[in-house]
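S.K.: I would like to see how this sequence folds:
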Amino acid sequence: MSKVEWFRRTTWTAADAADFAAHLKRSRSDFHKAQYLHIQAGHLHAVGVPELTAVALGLLDQLVTDWPSESQLSIAHAQRAQCLVDLGRSAEALDAYREALLAGLHRLLDVHGEEGYLATWVRFPFPSHRLAQLRALL
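M.R.: Here you go, the predicted structure:
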């Protein structure tokens, strides 16, 4: 039987947390740290136990605060929202969904720019004015 990768645990004991932190500290870049946090949070949340969902939320908060890699930020906020919903914290979940949308729009604009966006999605111009309105609300 193969050993579970250190960032795909479905349990979270004190030893699991310490081992994860040690591996995370040694990971190569902020992108990799963010990716490992995102993956581990997903595995813990998938177990469906409130205590592990709370741990997953903490890992995602760490990602957003300490290693907000642009490529991982939108999915991290969306995962945070799902955890918050499952924990019965719907008002906070709505804020997290807003952050996910905002991060995704920023990423799209950063990667493609408005002209690149138009070249790919010809029928619909990038909603810059809506992005400004959303940014003002947050």
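
S.K.: could you measure from residue 126 over to residue 78?
M.R.: Distance of residue 126 to residue 78, given as CB to CB, to the nearest Å: 21 Å. The way it works is simple: take the backbone N, C-alpha and C, and place the C-beta from them, glycine included.

S.K.: any weak-confidence spans in the chain?
M.R.: 1-2, 121-123, 137-138 (pLDDT under 70).

S.K.: show me the contacts for the closest residue to residue 48 other than its chain neighbours.
M.R.: Leaving out its chain neighbours, the residue that sits closest to residue 48 by CB to CB, 6 or more residues apart in numbering is residue 86, at 8.0 Å. Contacts here follow CB atoms under 8 Å, 6 or more residues apart in numbering; on that basis residue 86 touches 45, 48, 50, 53.

S.K.: buried subset of these?
M.R.: Burial by neighbour count, judged by 16 or more other CB atoms under 10 Å, picks out 45, 53 from those.

S.K.: CSV for the contacts of residue 86, including secondary structure and distance to residue 117?
M.R.: Output for the contacts of residue 86, formatted as CSV (DSSP: H, G, I helix; E, B strand; the rest coil; distance: CB to CB, whole Å):
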residue, secondary structure, distance to residue 117
45, helix, 32
48, coil, 38
50, helix, 40
53, helix, 35
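
S.K.: which among the contacts of residue 86 gets closest to residue 69?
M.R.: residue 45 (19.2 Å; CB to CB).

S.K.: the closest residue in space to the closest one that isn't next to it in sequence in helix, strand or coil?
M.R.: Closest residue in space to residue 45, ignoring its immediate chain neighbours: residue 56 at 4.1 Å, by CB to CB, 6+ apart. Counting by DSSP: H, G, I helix; E, B strand; the rest coil, the backbone at residue 56 sits in helix.

S.K.: what's the local residue count around residue 56?
M.R.: 27 (other CB atoms under 10 Å).

S.K.: could you identify the longest helix within the protein?
M.R.: helix 90-120 (DSSP state H).

S.K.: could you list the buried residues of it?
M.R.: 92-93, 95-97, 99-103, 105, 107-108, 117.
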